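> Predicted model and sequence follow; I will ask about them next.
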Amino acid sequence: MNGCNRNEIKAGLLVDVVLKKDQGTEILTRGIVKDILTNALFHPHGIKVRLQDGQIGRIARILQYLK
């Protein structure tokens, strides 16, 4: 699971995201999902989320799954 499917994403997940300013680099930002911003069920570049610290980015990978 790489964060491209909206149904895999829930508030509270620990994820790595690519911020807009870091697109095209390998820089990832780690945080906890606060809000899901993408309405589509799938996005090839990752679902866009707002982290608890307010930063917005596309999910590159999910690090911790909720049970």
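Yep, that arrived. The shown structure was predicted, so the numbers you read here are calculated from the model rather than taken from an experiment.

> ok now do the closest residue to residue 64 other than its chain neighbours, which residues does it touch?
If the residues on either side of it in the chain are set aside, residue 64 comes closest to residue 14, at 3.8 Å by C-beta to C-beta, 6 or more residues apart in numbering. Where you see a C-beta, it was placed from the backbone N, CA and C, and this is true even at glycine. Under the criterion of C-beta atoms under 8 Å, 6 or more residues apart in numbering, the contact partners of residue 14 comprise 30, 31, 32, 62, 63, 64.

> for the chain, what spans make up the strands?
Using DSSP state E, the strands found in the chain span residues 14-19, 29-36, 48-51, 56-64.

> list the contacts for the residue most central in space within the chain?
Against the mean C-alpha coordinate of the chain, by C-alpha atoms, centre = their mean, the closest residue is residue 59 at 2.6 Å. Each residue near residue 59 by C-beta under 8 Å, 6+ apart is listed here: 2, 3, 4, 9, 15, 16, 17, 46, 47, 48, 49.

> pLDDT weak spots in the chain?
1, 65-67 (pLDDT under 70).

> how close does the closest residue to residue 41 other than its chain neighbours sit to residue 49?
Distances taken as C-beta to C-beta, 6+ apart put residue 6 closest to residue 41, at 5.0 Å, once the chain neighbours are dropped. Using C-beta to C-beta, to the nearest Å, we find residue 6 at a distance of 10 Å from residue 49.

> same question, residue 10
When distance is defined by C-beta to C-beta, residue 10 is 10 Å away from residue 49.

> Please say which of the two ends up with more neighbours.
Summary of the neighbour comparison: residue 10 and residue 49, criterion other C-beta atoms under 10 Å, with residue 49 having more neighbours (25 against 12).

> dump the residue contacts of the more buried one.
If a contact means C-beta under 8 Å, 6+ apart, then residue 49 has 9, 15, 17, 33-38, 56-59 as its contacts.

> one more time with 10 Å, if that's ok
3, 6, 9, 11, 13, 15, 17, 31-38, 55-59 (C-beta atoms under 10 Å, 6 or more residues apart in numbering).
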